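Asker: only geometry, no sequence info:
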Ligand code: ADP
């Protein structure tokens, strides 16, 4: 722990002394350090695609100027890198919006079954490209909860997209909705949403840090798959805002299960 020490002399008639106060500033320092790390991470993440873009612009102005084939190839890479920056900036904005709203309780009753269903529909092209089938269990009847519909759509979009991305080609992804009469850690009844993949799994050592911003098990692989490393951080903040819980179970080589547990208000 670190302390800030403040002293002030006291003179009270004949008595003399000093008041010494210790203030624990460990938390403050930790918050400041996290902010610094975040800014450094954002700068690094933006600089990587930017450096690539600047490099290709140089080449296009010089050596590749009259080479139509090279020009086409470089423009494709530039498009991809600019897309990466665009995604990163959108996710940063999302994260900051979600953080700003974290203290405001969602006040709308929404059908969570419909939200999960449309998240799956929106991911159909991505799943098909990866030859992944997404099955949905338990969404036959509507499930009404107090929730922010856009944010919940984002939660399931991020989790299901990860399951498809890291689940492996040809493997199935299962989304299962279950009503829980009582969930440990939440006071009353809850609804549990499991997103299950049969992919590579995640080593136990990574699990506690997985929802930190920019934390990735394999940064190279995540970038290759177009990931920003912010998806799970956004998910975590949204679930906190809904007073829910995120549980991650994973076994290396077998697959992972991300469970969102939301109170039935
Ligand atoms: P990214 O944009 O890199 O996918 P996320 O915040 O969504 O960022 O996820 C953080 C990291 O967690 C990923 O880089 C990946 O290493 C790991 N991860 C997330 N979901 C899964 C999954 N279903 N299976 C294996 N690893 C996963």
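Answerer: Nice, I can see it. The shown structure was predicted, so the numbers you read here are calculated from the model rather than taken from an experiment.

Asker: Can you give the distance of the helix or strand hosting residue 234 from its chain's centre?
Answerer: Taking DSSP states H and E as the criterion, residue 234 maps to helix 231-241. The chain centroid and the centroid of helix 231-241 are separated by 6 Å, computed with C-alpha atoms, centre = their mean, to the nearest Å.

Asker: what helices or strands is the very next helix or strand once past it leaning on?
Answerer: Where DSSP H and E defines the elements, the next helix or strand beyond helix 231-241 is strand 245-251. The contact analysis (3 or more C-beta pairs under 8 Å, 6 or more residues apart in numbering; DSSP states H and E) places strand 245-251 against helix 231-241, strand 255-263. The way it works is simple: take the backbone N, C-alpha and C, and place the C-beta from them, glycine included.

Asker: Please spell out which residues along the helix holding residue 234 are buried.
Answerer: By neighbour count, with 16 or more other C-beta atoms under 10 Å as the criterion, the buried positions of helix 231-241 are 231, 232, 233, 234, 235, 236, 237, 238, 239, 241.

Asker: In the stretch 51-200 of the chain, where is pLDDT below threshold?
Answerer: With pLDDT under 70 as the threshold, the stretch 51-200 of the chain has low-confidence stretches at 183-185.

Asker: still on that earlier bit, same for the ligand: which of the buried residues of helix 231-241 are within range?
Answerer: On the criterion C-beta under 6 Å from any ligand atom, 231, 232, 233 are the entries of these that sit beside the ligand.

Asker: Tell me the spacing between the second one and residue 263.
Answerer: Spelled out, that is residue 232. Spatial separation of residue 232 from residue 263 under the definition C-beta to C-beta, to the nearest Å is 21 Å.

Asker: With pLDDT added, can I get the buried residues of helix 231-241 in TSV?
Answerer: As requested, those are exported to TSV (pLDDT from 0 to 100):
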residue	pLDDT
231	96
232	97
233	96
234	97
235	98
236	96
237	96
238	96
239	96
241	94
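
Asker: residue ranges for the helices of the stretch 51-200 of the chain, please.
Answerer: 68-100, 112-122, 124-129, 149-167 (DSSP state H, counting those that start in this stretch).

Asker: right, so of these, which gets closest to residue 187?
Answerer: Nearest of those to residue 187, taken as C-beta to C-beta: helix 112-122 at 19.0 Å.

Asker: Would you mind listing what in this protein touches the ligand?
Answerer: Taking C-beta under 6 Å from any ligand atom as the measure of proximity, the chain contacts the ligand at 158, 162-163, 166, 197, 199-200, 202, 210, 216-218, 222, 227-233, 256.
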